[in-house]
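Undergrad: 3D, please:
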Amino acid sequence: MKPTTKTAWSPDRLDVRAFAQAGATLQADDPIAHFERLQAEAHLEDGAPALGRVSWQARGEMRPGASGGAAAVWLHLEASAAVPLTCQRCLGPVETPLSVDRWFRFVADEAAAAAEDDDCEEDLLALEPRPRLYEVLEDELLMELPLVPLHETCPVPVVMHASDPMVDLGESGPERKNPFAELAKLKK
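TA: Now for the predicted structure:
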């Protein structure tokens with residue numbers, strides 16, 4: 001991380017108000033393995049950790065409050081990553097780019113965030129308890145994951161059993177016996 005001021009800002013428990021008042025910036029290039037929930041979504045080959053990095057930047061800003069009130073605390077979060085997900089067609093890895101560019105307005109606490117949430121368009125977060133920036137970032141990246149990751153064109157031919165006339169359904173395994181046929185023999 002590269003703090004832009006002499007103060008070392010901790011993304012684990014960020015004092016967002018002081019961060020915004022200083023107009024500070026944090027940025028880093030972290031391995032995907034640092035984000036456990038995101039790595040859990042990644043396509044892993046033989047249990048190896050997901051390769052790739054998450055590049056991110058957070059910038060604090062104070063803006064004039066609504067109708068001349070106290071200044072509001074804002075945080076701009078940008079991130080990009082390429083995560084290997086499992087293609088739902090061929091079941092191989094598909095490199096999926098993720099991008100986050102979001103502004104958050106901070107309010108005093110969770111109760112204030114809940115009260116204002118319905119009346120505003122921006123994303124609201126509470127100043128207390130102090131947010132863990134990595135968790136906010138990971139939440140945003142997880143929301144960017146596609147519902148069904150797919151290659152545009154799969155690198156291997158994919159056999160569609162239901163619609164491919166070349167697939168012989170007769171070789172699907174040994175024929176199962178009807179359990180009622182044995183009962184019919186006993187009945188006689």
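Undergrad: Ramachandran coordinates for the most centrally placed residue in the chain?
TA: The centroid of the chain falls nearest to Leu142 when counting by CA atoms, centre = their mean (1.1 Å). Torsion angles at Leu142 (phi, psi; degrees, to the nearest 10) stand at phi -60, psi -40.
Undergrad: Equivalent analysis for Glu128, please.
TA: Here the main-chain torsion angles of Glu128 (degrees, to the nearest 10) amount to phi -130, psi 130.
Undergrad: That one: what's its closest spatial neighbour, skipping adjacent residues?
TA: Counting by CB to CB, 6 or more residues apart in numbering, Asp109 is the residue found nearest to Glu128 once chain neighbours are left out, at 5.5 Å. C-beta here means a position set from N, CA and C on the backbone, and glycine is covered the same way.
Undergrad: The one you found: what's it in contact with?
TA: By CB atoms under 8 Å, 6 or more residues apart in numbering, the contact list for Asp109 reads 126-128.
Undergrad: any idea which helix or strand comes after the host helix or strand of Arg102?
TA: Secondary-structure element containing Arg102, defined by DSSP states H and E: strand 93-107. Following strand 93-107 in sequence order, the next helix or strand is helix 110-117 (DSSP H and E).
Undergrad: That next one - contacts with which helices or strands?
TA: In this structure, helix 110-117 makes packing contacts with strand 123-126, judged by 3 or more CB pairs under 8 Å, 6 or more residues apart in numbering; DSSP states H and E.
Undergrad: Can you get me a residue count around the nearest residue to Val158 once chain neighbours are set aside?
TA: Once flanking residues are discounted, Val158 sits nearest to Cys90: 5.0 Å by CB to CB, 6+ apart. A total of 17 residues lie near Cys90 under the criterion other CB atoms under 10 Å.
Undergrad: Can you check the pLDDT for the closest residue to Asp101 other than its chain neighbours?
TA: Of all residues beyond its chain neighbours, the one nearest Asp101 is Glu78 (5.2 Å), with distances taken as CB to CB, 6+ apart. The predicted structure scores Glu78 at 97 on the pLDDT scale.
Undergrad: Can you give me the neighbour number for Glu78?
TA: Using other CB under 10 Å as the criterion, Glu78 is surrounded by 16 other residues.
Undergrad: Which phi and psi values does it adopt?
TA: Listed backbone geometry of Glu78 is phi -120, psi 140, with angles given as degrees, to the nearest 10.
Undergrad: Over to the one 3 residues further on?
TA: Backbone torsions for Ala81, taken as degrees, to the nearest 10, come to phi -160, psi 160.
Undergrad: how far away is it from Ile32?
TA: For Ala81, the distance to Ile32 under the criterion CB to CB, to the nearest Å works out to 7 Å.
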